[in-house]
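Chemist: need a structure here:
(one chain, ligands or ions: 1)
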Amino acid sequence: MKPGKKLITLRGIKDLQIPIPKNVNLHYDGFVEDISEHSLRLIADYNNLTPEKMKQEERIIERFKSDPFVCGRLHTFSINKKINNHIFLKKSKYFDEDTLNLAHEETHFLDYVLNLSCHQLEPMEILAQDILDRNNRLTRFSEIEDEEVRADIGGIHGLSLHKGNIYHPELFRSLSYPLAFKIWKKSKIPKRENYVGIGVGKINDWLGRVRQ
Ligand SMILES: [Zn+2]
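Modeler: Now for the predicted structure:
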């Protein structure tokens, strides 16, 4: 592992280990009654928001309150060079939805760490490699513009690792899930026996794009 990094193990994207900068922490706050209220509690605990940041946060919380689909959040606080990330969820009626939401927020975290890290793309490349290793699928996150769709693809991966149902109708109610699901379905690479006709060059080309 590169110096200045530490390993963390994700829970939604089951057992995936990711090296992250030492000054970054990830806290799992679990299920909460109300996403907005938990955010407000964290803001009060950290007590370090500038008035401008506070206004920005109030706008986010207002949006959350009016959106019935918000069922999880990654909330980040910077304090004395430390970056503390909290993941929390509102419990739904379904295991599948809760598991997807957890892995979804973890993927936002990886996407966020990606922006912090000087080794660009690293955490999302590790996720893409894990999707290839454990789900035999090729994912090009850099070609997916919408961060919510990227997060849902990490979510689907996590849900499948927990043997959940990625076809659960409730999941398709969110705006981003149908597209993420479509990309997921298309990303399957052929079984090894089907490789023969296409030639090794093509397979190496596919794999190379993920592994480079
Ligand atoms: Zn999201």
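
Chemist: now do the SS call for residue 19.
Modeler: Classification of residue 19 by DSSP: H, G, I helix; E, B strand; the rest coil places it in strand.

Chemist: residues in contact with it?
Modeler: By CB atoms under 8 Å, 6 or more residues apart in numbering, the residues touching residue 19 are 1, 2, 5, 6, 7, 122. Just so you know, the C-beta spots here come from the backbone N, C-alpha and C atoms, and that holds for glycine as well.

Chemist: residue 30 too?
Modeler: 88, 89.

Chemist: re the thing from before, quick check: the two most widely separated of the contacts of residue 19?
Modeler: The largest separation in the contacts of residue 19, counting by CB to CB, is between 6 and 122 at 13.7 Å.

Chemist: so the residue positioned nearest the centre of the chain: helix, strand or coil?
Modeler: For the chain, the residue nearest the mean C-alpha position is residue 107 (1.1 Å; CA atoms, centre = their mean). At residue 107 the chain is in helix, as set by three-state DSSP.

Chemist: and it, what does it touch?
Modeler: By CB under 8 Å, 6+ apart, the neighbours of residue 107 are 13, 127, 150, 151, 152, 153, 154, 155.

Chemist: among those residues, which are in reach of the ion?
Modeler: When contact is defined as CB under 5 Å from the ion, those meet the ion at residue 151.

Chemist: am I right that residue 190 sits in a helix?
Modeler: No. The assignment for residue 190, made by three-state DSSP, is coil rather than a helix.

Chemist: the helices in this protein, which residues?
Modeler: Assigned by DSSP state H, the helices in the chain fall at 35-46, 51-66, 95-116, 122-135, 147-161, 177-186, 200-211.
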